[in-house]
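1. One predicted model, sequence on top.
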Amino acid sequence: MRNVVLSVSFLVFLLASQSFGTLQCSRLNEIRECVRECPPEKSCKNKDIKFSCLHDDKKSCQLKCVCKEGFYRNYDGDCVSNQACDRCPALNEVFNCGSACDTTCATLNQRCPILNIKCNEKCYCRRGYARNDKDICIPISECNHVNSHGNAVRSARSANEHEYDSNYSICGPNEEYQKCKTACPPDTCISLVAKYKCVSNPPCVPGCVCKSSFLRAKPNSPCIPMRQCQELAN
């Protein structure tokens, strides 16, 4: 009987070792054996939100990489300090430690001429965005382009519909722009079942939010009709 118990224990250990072996976490991340959907991982967007979750033991948890204690997931998916979360208030920017050059519309196809000796701590445009001539991070697809005659031309949407300014943001489907949006409560499906303790008069920033009757399945994912949220199906 003892041999059977030892064999089972060894098998469990072996399977766990294999699972850990296939999952490798980057710097400032660590492996957690059981991560559930609620509470969600601490991020720059929800770091000031307190979650109260109704756990269903029938729902399985996942082996997952999460940010180490004291760090938060930023909008680019990197783990950063609490201070770094609040250093880039402008739209579509993220604080990180990287190249001396940011992604700009004017230099999209050029390599940074500065050779890094160490990484630079500053605000960068989020992935998929570049700075325009007004120093605003915009989708790369909306950058100025150069035609065959060497003349700069804007994309049709940029030229005909708007000019970028500090109060404008390109919003996705089922989103609308607000000059003052708050992070609590978040516009995610989990808010249907979680309780939030939001601070009074929370700071706000301009940006895109889900329209009425729409929510996000996960932070930064597209807005979907509220009826499609998995939380309503359970």
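-> Arrived safely, thanks for sending. No experiment lies behind these values; they were computed from the predicted model shown. Numbering: from 1, shown residues only.
2. Grab the nearest non-local neighbour of Cys38.
-> Spatial nearest neighbour of Cys38, excluding adjacent residues (Cβ to Cβ, 6 or more residues apart in numbering): Cys53 at 3.8 Å. Where you see a C-beta, it was placed from the backbone N, CA and C, and this is true even at glycine.
3. Thought Leu192 was touching that neighbour, still the case?
-> No: at 12.0 Å, Cys53 does not count as touching Leu192 under the criterion of Cβ atoms under 8 Å.
4. Can you pull the poorly scored residue ranges out of this protein?
-> Residues of the chain meeting the criterion pLDDT under 70: 1-22, 55-59, 89, 116-118, 145-170, 202-203, 233-234.
5. Spatially central residue in it, please.
-> Ranked by distance to the mean C-alpha position of the chain (Cα atoms, centre = their mean), the top residue is Tyr75 at 3.0 Å.
6. Make sure Glu176 is actually in contact with Cys208.
-> Yes: between Glu176 and Cys208 there is a contact at 7.0 Å, judged by Cβ under 8 Å.
7. Of these two, which one has the most company?
-> More crowded of Glu176 and Cys208, by other Cβ atoms under 10 Å: Cys208, with 19 against 13.
8. Would you mind measuring from the more buried one to Val199?
-> As judged by Cβ to Cβ, to the nearest Å, Cys208 and Val199 stand 22 Å apart.
9. Check Leu23 too.
-> Between Leu23 and Val199 the distance is 35 Å, computed by Cβ to Cβ.
10. ok, now Leu232?
-> Counting by Cβ to Cβ, the gap from Leu232 to Val199 is 28 Å.
11. Stretch 23-38: end-to-end distance?
-> From its first residue to its last, stretch 23-38 covers 21 Å (Cα to Cα, to the nearest Å).
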